[in-house]
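Chemist: Build the 3D model from these lines:
(chains A, B, C and D)
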Protein chains: 2
Amino acid sequence: MVQKKDGDEAKRRGRPRAYDPEEALRRAMDAFWKSGYSGTSLDDLSAATGMNRPSLYAAFGDKRSLYLKALAYYWQVALGTMRADLAQDRPLADSLMRAYEGALSIYFSGDDRPRGCFVVGTAVTEAMEDAEIRESLMTGFLEFDADFEARFRMARDNRELREDADPATLATLATAVMHTIAIRARSGTPRADLAEFARKAVSAICG
Amino acid sequence: MVQKKDGDEAKRRGRPRAYDPEEALRRAMDAFWKSGYSGTSLDDLSAATGMNRPSLYAAFGDKRSLYLKALAYYWQVALGTMRADLAQDRPLADSLMRAYEGALSIYFSGDDRPRGCFVVGTAVTEAMEDAEIRESLMTGFLEFDADFEARFRMARDNRELREDADPATLATLATAVMHTIAIRARSGTPRADLAEFARKAVSAICG
DNA sequence: TTTTTTTTGTACCATATCGCATAAAATCCT
DNA sequence: AGGATTTTATGCGATATGGTACAAAAAAAA
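Modeler: Numbering: from 1, shown residues only, chains lettered A, B, ... in the order given. The predicted structure follows:
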């Protein structure tokens, strides 16, 4: 377990890759993010990643397979930032606002116009005809709910919330606020308006 | 203005149409609803409507034009049922639940699996690259907000809500609940679960 | 240096897709 | 009945699309 290191630096045998796999996956994700799954062609993906078709295929499999990898990568990033934001030791309302600010900076990232959430903006469309995507959405959303719920439960134990508050309901409400922000960001609502709404929503939910 | 009637029954001059325009539009909408804009081909639309390509083209213009007509039609139906549900003279919570039940029966309509909201499930994806769709979303969502807000304002005047409740914030929250229901319906959450969540959300919002 | 291994780049194939040209069909008007 | 008018039906054509074959290139191993 010592001499081999992890395959990352291990000298591979043939011609070296001209791309960084994670960077390429990010760029492919960006392409899908912009135009959706069906609206993104292999030419688009090739242009976005700088890889030619056979390299794309060798690295990630076919188009659908590449999309699924992008989706998994997005979940990882989105859930990761959300957990980091909620984990900080702050009052409940601050904690929630952090989570929404974190989401907003994802939804408004990229040099193009605001693109919202990758999942809401692209995967939901495909969920109707692709069972694997559908299941990914179910579990992803439930994880969001669960993280929010844990935070609300903690707040109730800390007397930041009334005894009779229901953490599960509040959590789903909190996810709902995230969903509407994702939808509206992609539809052109200015970031400041969404941040303002998030503040008021947090007050309403916590108060 | 008397003899001509509205062009509906007026004897047209050439070969009669073999289709009902509104029915055809509904079927085209169903096709888009299932696979999204980019994922639906003219062959799909032709099969769904029973019209051949040239007839489709003559009746609705090109693919994008047909999609825009379907989108407008959906807004009309969705806003219509929502207004009808909210207009009934009932206590606030009942009123809101009616609106959510109405939405659920749209999201779970069709003989296929649940398809959620046409707007959330298909138009949001295209909003990134199509300004006209983007604007349609903005105005549509704001109309939802406005209708909810009017209902909350009425409730506050009727003392069904506390004096210090903010109708605008509650309205956006109510739309947020609708959005999350739309997303989750398409992602496979059972209808009963969504109805249950709607009930709890309504309690939280009104209480 | 030669061989082996892996990746790249060009080109290609079969099919899908969008849109339209053109002729046949069905109705109204004279 | 015969011409005018509108819709339907078949099919074409240019391009886009997803996927792959094959040879050249670049590195390690022998």
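
Chemist: okay, CA-based contacts and neighbour counts for the rest of this
Modeler: Will do.

Chemist: What separation do you get for the residue of chain A found nearest DNA strand D and A:L92?
Modeler: Residue nearest to DNA strand D within chain A (Cα to the nearest atom of the strand): A:S41, separated by 3.1 Å. Going from A:S41 to A:L92 by Cα to Cα, to the nearest Å gives 44 Å.

Chemist: Could you pull up phi and psi at the residue of chain A closest to DNA strand D?
Modeler: For A:S41, the backbone dihedrals (degrees, to the nearest 10) come out as phi -90, psi 170.

Chemist: tally of neighbours for it?
Modeler: Neighbour count for A:S41, taken as other Cα atoms under 10 Å in any protein chain shown: 15.

Chemist: Check what pLDDT it gets.
Modeler: In this model, A:S41 is scored at 98, pLDDT.

Chemist: Which is the succeeding secondary structure element to the longest helix seen in chain A?
Modeler: When chain A is parsed with DSSP state H, its longest helix is helix A:131-157. Using DSSP states H and E, the helix or strand that follows helix A:131-157 in sequence is helix A:167-187.

Chemist: Go through that next one and flag the buried ones.
Modeler: Across helix A:167-187, burial judged by 16 or more other Cα atoms under 10 Å in any protein chain shown covers A:167-187.

Chemist: Can you pull the residues of chain A lying near DNA strand C?
Modeler: A:12-19, A:51-55, A:58 (Cα under 7 Å from any atom of the strand).

Chemist: let's see 6 Å
Modeler: Residues of chain A that fall close to DNA strand C, judged by Cα under 6 Å from any atom of the strand: A:R13, A:G14, A:R15, A:P16, A:R17, A:A18, A:Y19, A:M51, A:N52, A:P54, A:S55.

Chemist: hey, where'd the helices end up in chain A?
Modeler: A:21-35, A:42-49, A:53-60, A:63-87, A:92-107, A:118, A:124-127, A:131-157, A:167-187, A:191-206.

Chemist: Give me the contact status of the last one with chain B.
Modeler: Meaning helix A:191-206. Yes: against chain B, helix A:191-206 shows contacts by Cα under 8 Å from any Cα of the partner chain at A:F197, A:K200, A:A201, A:A204.

Chemist: what angle sits between that helix and helix A:167-187?
Modeler: 170 degrees (axes from the mean of the first three to the mean of the last three Cα atoms, to 10 degrees).

Chemist: Who are the packing partners of helix A:191-206?
Modeler: With contacts taken as 3 or more Cα pairs under 8 Å, 6 or more residues apart in numbering or on different chains; DSSP states H and E, helix A:191-206 sits against helix A:92-107, helix A:167-187, helix B:167-187.

Chemist: Distance to DNA strand D for the ones you listed - can I get that in CSV?
Modeler: Converted to CSV, those look like this (distance: least, Cα to the nearest atom of the strand, whole Å):
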stretch, distance to DNA strand D
helix A:92-107, 25
helix A:167-187, 22
helix B:167-187, 23
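
Chemist: Could I get the ones you listed in JSON lines, plus columns for mean pLDDT?
Modeler: Formatted as JSON lines, those follow (pLDDT from 0 to 100):
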{"stretch": "helix A:92-107", "mean pLDDT": "98"}
{"stretch": "helix A:167-187", "mean pLDDT": "98"}
{"stretch": "helix B:167-187", "mean pLDDT": "98"}
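
Chemist: okay if I get the ones you listed as TSV plus distance to A:E132?
Modeler: Below are the helices and strands packed on helix A:191-206 laid out as TSV (distance: least, Cα to Cα, whole Å):
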stretch	distance to A:E132
helix A:92-107	24
helix A:167-187	21
helix B:167-187	10
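
Chemist: B:F32 is nearest to which of those helices?
Modeler: Closest to B:F32 of these, according to Cα to Cα: helix B:167-187, at 14.0 Å.

Chemist: now A:R12: how far from chain B?
Modeler: Applying Cα to the nearest Cα, to the nearest Å, the value for A:R12 to chain B is 40 Å.

Chemist: Can you tell me how far A:T169 is from A:L86?
Modeler: In terms of Cα to Cα, A:T169 sits 17 Å off from A:L86.

Chemist: Now the phi/psi pair for A:G188, please.
Modeler: Main-chain torsions, A:G188, degrees, to the nearest 10: phi 110, psi 0.

Chemist: returning to what we had before: hey, which of the helices of chain A is tucked in deepest?
Modeler: Among those, ranked by average contacts under mean count of other Cα atoms under 10 Å in any protein chain shown, first place goes to helix A:124-127 (a mean of 28).

Chemist: what mean pLDDT would you report for it?
Modeler: Averaged across helix A:124-127, pLDDT comes to 98.

Chemist: and if you look at stretch A:17-37?
Modeler: Stretch A:17-37 shows a mean pLDDT of 97.

Chemist: got the contact list for it?
Modeler: Under the criterion Cα atoms under 8 Å, 6 or more residues apart in numbering or on different chains, residues A:39-40, A:44-45, A:48-49, A:51, A:59, A:66-67, A:69-71, A:115, A:118, A:121-123, A:126, B:125-126, B:128-129 lie in contact with stretch A:17-37.

Chemist: swap the cut-off to 6 Å and go again
Modeler: Here stretch A:17-37 makes contact (Cα atoms under 6 Å, 6 or more residues apart in numbering or on different chains) with A:T40, A:L45, A:A48, A:T49, A:A70, A:F118, A:T122.

Chemist: Equivalent analysis for stretch A:116-127, please.
Modeler: In contact with stretch A:116-127 (Cα under 6 Å, 6+ apart) are residues A:33, A:36, A:107, A:133-134, A:182, A:185-186, B:121-122, B:124-125, B:187.
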